[in-house]
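Enquirer: just coords:
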């Protein structure tokens with residue numbers, strides 16, 4: 001069907017892109033790549049990232065959630081990526097019993113720490129309370145949100161709690177126009 005109608009299967013798109021870039025090269029300068037769910041990457045995805053060679057890249061993934069091995073994906077590409085690695089080890093998704101079973105099943109990735117100290121319970125908070133509690137902890141934090149319409153509510157919560165913050169967006173600080181550097185994130189908030 002694909003050959004008859006001149007279509008390309010989604011799993012072949014990256015492979016073909018890597019082939020074209022390998023054969024023809026590229027003069028495009030890609031400064032930044034953010035690649036989520038990288039635990040589901042395969043050799044073609046890893047090759048694509050290497051070929052486009054961004055000035056800065058941030059890859060995010062969880063080897064425990066690697067589910068596409070049947071199509072050649074492997075958490076190996078996540079675990080052996082070049083650069084600085086930061087592990088997020090607090091489990092906010094499941095209760096303690098489930099987390100302990102997961103730790104037993106996948107000990108190679110190191111243990112997850114349950115967010116709740118009580119077995120069978122997960123601490124829950126309203127989004128407002130969770131955001132404010134996170135913001136009041138020491139250190140620099142970043143809050144990512146999908147829609148601009150969420151900004152007023154989030155900043156309202158922070159304002160009400162007296163939390164200083166800085167909004168970084170494509171409109172106010174377009175990272176795509178300059179190389180990203182970790183010092184940009186560690187600056188003190190100005191608002």
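Expert: Arrived safely. From a predicted model like this one, the values you see are computed outputs, not experimental measurements.

Enquirer: so who does the spatially closest residue to residue 35 that is not a sequence neighbour touch?
Expert: In space, residue 35 comes closest to residue 59 once its chain neighbours are excluded; the distance is 4.7 Å by C-beta to C-beta, 6 or more residues apart in numbering. Where C-beta positions appear, they are placed from N, C-alpha and C, glycine not excepted. Going by C-beta atoms under 8 Å, 6 or more residues apart in numbering, residue 59 touches 33-35, 38, 49, 78, 81.

Enquirer: any quick PyMOL command for the buried ones out of these?
Expert: Only the buried entries of these go into this PyMOL selection, using 16 or more other C-beta atoms under 10 Å:
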select buried, resi 33+35+38+49+78+81
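
Enquirer: of the contacts of residue 59, closest to residue 154?
Expert: residue 34 (20.1 Å; C-beta to C-beta).

Enquirer: the closest one: which element?
Expert: Assigning secondary structure by DSSP states H and E places residue 34 in strand 32-35.

Enquirer: can you name the next helix or strand after that strand?
Expert: helix 43-52.

Enquirer: and the helix or strand just after that next one, which strands flank it?
Expert: Where DSSP H and E defines the elements, the next helix or strand beyond helix 43-52 is strand 56-59. Take DSSP bridges as the rule and strand 56-59 pairs in its sheet with strand 32-35 (parallel).

Enquirer: could you pull out the helices in the chain for me?
Expert: Under the criterion DSSP state H, the chain carries helices at the ranges 2-5, 10-24, 43-52, 76-79, 96-105, 127-136, 151-160, 182-185.

Enquirer: pLDDT weak spots in the chain?
Expert: For the chain, applying pLDDT under 70 flags the ranges 116-124, 169-191.

Enquirer: just give me the residue right at the centre of the chain.
Expert: residue 60 (3.5 Å; C-alpha atoms, centre = their mean).

Enquirer: from the contacts of residue 59, pick the one nearest residue 145.
Expert: residue 34 (14.6 Å).

Enquirer: hmm, the closest one is touching residue 61, no?
Expert: No - counting by C-beta atoms under 8 Å, residue 34 stays clear of residue 61, with 11.8 Å between them.

Enquirer: how near is residue 145 to residue 138?
Expert: In this view, residue 145 and residue 138 are 22 Å apart by C-beta to C-beta, to the nearest Å.
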